[in-house]
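Peer 1: model this:
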Amino acid sequence: MIRNTTAMLAALLWTAAASAQTPALAAMSAPWAQAMCAAWNAEPTLTTKLVESGWIKNDAGRGFKAMQIYRSDCAGSERIEMRIALKDDKAQCVYAGAPTTKTLERGADYLMWADTPRWREMGAGEYGPMKAMMFGRLNFDGPRMEAMGNMVPFESFLLLVGKVPGEWSGCP
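Peer 2: Numbering: from 1, shown residues only. The predicted structure follows:
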């Protein structure tokens, strides 16, 4: 019994040490996007308010909205994509990673880009999407009026950028 307990304790300590040494995902990399997807699905403001407002229904008839984001100061870095779809009466992230949507639908989809320090500031809640767009800190292409009507969920999305652990010092 003591040996089993000691072995279990050793295994737990090794697992904890190994996970502590695991490097953080590069911010805005495909694996980081998957963590953003899980965080999206755990955020009630995003999953419910975007259904209530009708945002999720504007999907260009494809059954999903595409959101592509990237760090503009990382030359040559890929965009990441999140697909949001109505699932179980919620606006859920159903895909995240490398972009698979070749052409974004301007009236339904979103493209957002900013320099790394600006993403960090927005993720920390230093300012919201309105100020970010007004002062050119967040570049945006997509249905502006739709976004303006969903500022609270939009801000929740930007805050996820700061909540999802990631390594920001290098480019993905």
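Peer 1: Quick check: chain neighbours aside, which residue is closest to the residue nearest the centre of the chain?
Peer 2: Most central in the chain under C-alpha atoms, centre = their mean is residue 36, positioned 3.9 Å from the mean C-alpha point. Nearest residue to residue 36, sequence neighbours excluded (C-beta to C-beta, 6 or more residues apart in numbering): residue 164, at 5.2 Å. C-beta: built from backbone N, CA, C; applies to glycine.
Peer 1: what does residue 47 give?
Peer 2: Leaving aside its sequence neighbours, residue 47 sits nearest to residue 90 (C-beta to C-beta, 6+ apart; 4.1 Å).
Peer 1: So what does that neighbour look like in phi/psi?
Peer 2: phi -130, psi 150 (degrees, to the nearest 10).
Peer 1: what do you get for residue 165?
Peer 2: Torsion angles, degrees, to the nearest 10, at residue 165: phi -60, psi 140.
Peer 1: what about it, neighbour count?
Peer 2: Per other C-beta atoms under 10 Å, the neighbour tally for residue 165 reads 10.
Peer 1: Tell me the spacing between the residue nearest to it when sequence neighbours are not counted and residue 85.
Peer 2: In this structure, residue 165 finds its nearest non-sequential neighbour in residue 24, 5.4 Å apart by C-beta to C-beta, 6+ apart. Remark: distance between residue 24 and residue 85 (C-beta to C-beta, to the nearest Å) = 28 Å.
Peer 1: Out of those two, name the residue with the larger neighbour count.
Peer 2: In terms of neighbours (other C-beta under 10 Å), residue 85 is the more surrounded of residue 24 and residue 85; the figures are 16 against 12.
Peer 1: does that one sit in a helix, a strand or a coil?
Peer 2: Three-state assignment for residue 85 (DSSP: H, G, I helix; E, B strand; the rest coil): strand.
Peer 1: What pLDDT is listed against it?
Peer 2: At residue 85, the model reports a pLDDT of 98.
Peer 1: Leaving aside the residues adjacent along the chain, what's closest to it?
Peer 2: The nearest residue in space to residue 85 (C-beta to C-beta, 6+ apart) is residue 64, at 4.2 Å.
Peer 1: Now for the one you found, how many residues are close by?
Peer 2: Applying other C-beta under 10 Å, we find 21 residues neighbouring residue 64.
Peer 1: Ok, residue 30 next?
Peer 2: 16.
Peer 1: thought it was touching residue 100?
Peer 2: No. Distance between residue 30 and residue 100: 10.9 Å, which falls outside the contact criterion (C-beta atoms under 8 Å).
Peer 1: Poorly predicted segments of this structure, please.
Peer 2: Applying pLDDT under 70 to the chain flags the ranges 1-23.
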